[in-house]
Structure formats: structure tokens, C-alpha cells
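Asks: Sequence plus the predicted model coming up.
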Amino acid sequence: MVAGRGVRERDDGGEKVSTTPAWRRAVFNAEVINAWSFNTSDQGIAEKVAGIQAGLDILRKAYPDSGTYFAEANLEPDFQQALWGKNNYERLLKIKARVDPDDLFMCKQCVGSEKWDASGNCRQRHSY
């Protein structure tokens, strides 16, 4: 859990950070976690992951304007909003276009990753 005045009261206008403003405004950070042993079956792992997703869905419904910190997130259905904040994301896309115009650098749910397929290995094909 991350909490306290330092995170909440920091005011830099959002121009110097990439983290979603929702996380910056938060009073606390809640996490839904689970664990399994090294010999858990694929089905067992899938069931535990489904439980995590169900818990996260409850939190998303209860707090639709919330967000999460990138390094602590699961795959988010609306990652642009959840991880970066919609307005912040547009600013970050412009910065990425300027410093990485060939989209060489990519990771899942990072800025600009929607241009890549689900595997992260190939760019999306577009018909023009």
C-alpha cells in the first residue's frame, strides 16, 4: 500500500510525471493479489488469475475514475486511462512520437503499444 501526504499533495501540474493523475490524487493504493506454488497446474493458475481479475473488476466498477501504477498493474482493459490518464496519455504520445518516431521501443500497455499486436512482436497492420 502506498499512502501519505507526499504522494497526494505533490503539485507539479502533471507536466513532469507520466503516472496517471488518478494515482497521484489517491489517498491509498489497494491491490488484489494471489499466490501459487511452482507446481500449480496451468488450470490452477488460470483459476487464481481469474479470481484476481474478478476482484479488480469489482474495484473498477466501484471506482471508475481510479487508476493504477504501471509497475503494479495487471493487463488493464483501458490501459490508457488506468495507467496514464487520458489527457496525460495524449501528451505522452506526442513526446513518444518526437523521441521515438520509428516506434522502436515498446512494451505491453506502454505509451503507443496499441500500434502493436497482442504478442508485442509485430506492428498492427492497417488498411489505408
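Replies: Structure's in. What do you need?
Asks: ok, now how distant is residue 119 from residue 113?
Replies: To residue 113, residue 119 is 11 Å away according to Cβ to Cβ, to the nearest Å. Placement of C-beta: from N, CA and C, glycine included.
Asks: Equivalent analysis for residue 56, please.
Replies: Here the criterion is Cβ to Cβ. By it, residue 56 lies 19 Å from residue 113.
Asks: okay, those two: which has more neighbours?
Replies: In this view residue 56 and residue 113 are compared by other Cβ atoms under 10 Å, and residue 56 has more residues nearby, 20 against 16.
Asks: Wait, a helix at that one?
Replies: Yes. Counting by DSSP: H, G, I helix; E, B strand; the rest coil, residue 56 falls inside a helix.
Asks: Quick check, residue 32 in contact with residue 55.
Replies: Yes. Assessed by Cβ atoms under 8 Å, residue 32 is found in contact with residue 55 at 3.7 Å.
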